[in-house]
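Q: just to be clear, the model below is a prediction. Sequence and coordinates:
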Amino acid sequence: MENIGILVLENGSLAAPNVETMVSELGYKNLGTFKENRDVLNAVKKTKPDLIILDTLVERAQDGIKMAEQIADENIPLIFVASSLNNRHYDLAKKTGPVAYLVKPFESLALQSAVELALLKNNKPQISTSHSSGDLVSEPGAVFVKMNKIRYKVYFVDILWIEVDGNYCYLNTKEKKYVLKTSLKKILDKVNPYADFVRIHKQFAIPTKDLISINASENTLSLKHKTFPIGRTYKKSLLDKLQQL
């Protein structure tokens, strides 16, 4: 992914998520972050970016829309980022043909998905795809998670909980959160021979060793560090499993 060059027009507030930082953390090549249209236009001619992210405040949304119109002939995919959803500006932005329109706050995974979609639609090849199911390489008691060409060894006993978000799963540890593009079932198939995890909700699986209490009336359970909802579909199997422990 390091050969994918991205330009950013970022004139959002200081409190907003830093798109420039997200671009770098995801392993893309940041060709420059600019606050003015003219600087982006000059950079487009010099760097020939694969993609442009237009991160603008609502009151300056016209800047991004105007710039998008100016580079329409360059056939460069665009992603609009806004501090809030404004129907009028969204309708104007839509006419410039952006691949995605993201509203803050959002996680880096949302930006990555938008970038990958933009490159796919524009037929831009990627050298590697982070968080793919092929990056789930295991050894007894641990899994190697590939992120930005680095493989991190995650011991199953160190996973505090697993969270599902669409086609992605997050392995939450004390030190870091790891993301994989794979199903929860595949992860549990690898984890459970070494650490006893149970699915408690369509979005969560937890290690039974860390379970402190269950509130059956409120359909919640508590670990040492967090309280989780219990899904109705999983409640009976959870209680049956706990009776066997």
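A: Structure's in. What do you need?
Q: next secondary structure after the helix or strand of the chain with the lowest mean pLDDT?
A: In the chain, the helix or strand scored least confidently by mean pLDDT, DSSP states H and E is strand 136-139, which has a mean of 59. Following strand 136-139 in sequence order, the next helix or strand is strand 142-147 (DSSP states H and E).
Q: check which helices and strands that next one sits against.
A: strand 136-139, strand 150-155, strand 177-180, helix 184-191 (3 or more Cβ pairs under 8 Å, 6 or more residues apart in numbering; DSSP states H and E). The way it works is simple: take the backbone N, C-alpha and C, and place the C-beta from them, glycine included.
Q: quick one: buried residues of that strand?
A: 142-143, 145-147 (16 or more other Cβ atoms under 10 Å).
Q: tell me which of those residues is nearest to I53?
A: Checking the buried residues of strand 142-147 against I53 by Cβ to Cβ gives M147 as the nearest, at 20.8 Å.
Q: re earlier: now the buried residues of strand 142-147 as JSON lines including distance to K177?
A: Listed next are these as JSON lines, based on distance: Cβ to Cβ, whole Å:
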{"residue": "A142", "distance to K177": "17"}
{"residue": "V143", "distance to K177": "14"}
{"residue": "V145", "distance to K177": "10"}
{"residue": "K146", "distance to K177": "15"}
{"residue": "M147", "distance to K177": "10"}
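Q: what segments of the protein are helices?
A: Taking DSSP state H, the helices of the chain run over residues 19-25, 37-47, 61-70, 87-94, 108-121, 184-191, 232-244.
Q: and of those, who's closest to L54?
A: So among the helices of the chain, helix 61-70 is nearest, using Cβ to Cβ, at 3.6 Å.
Q: of the helices and strands packed on strand 142-147, which stretch is the most buried?
A: When you average the neighbours per residue for each of the helices and strands packed on strand 142-147 (mean count of other Cβ atoms under 10 Å), strand 177-180 leads with a mean of 18.
Q: show me what it pairs with in its sheet, parallel or antiparallel.
A: strand 168-173 (antiparallel) (DSSP bridges).
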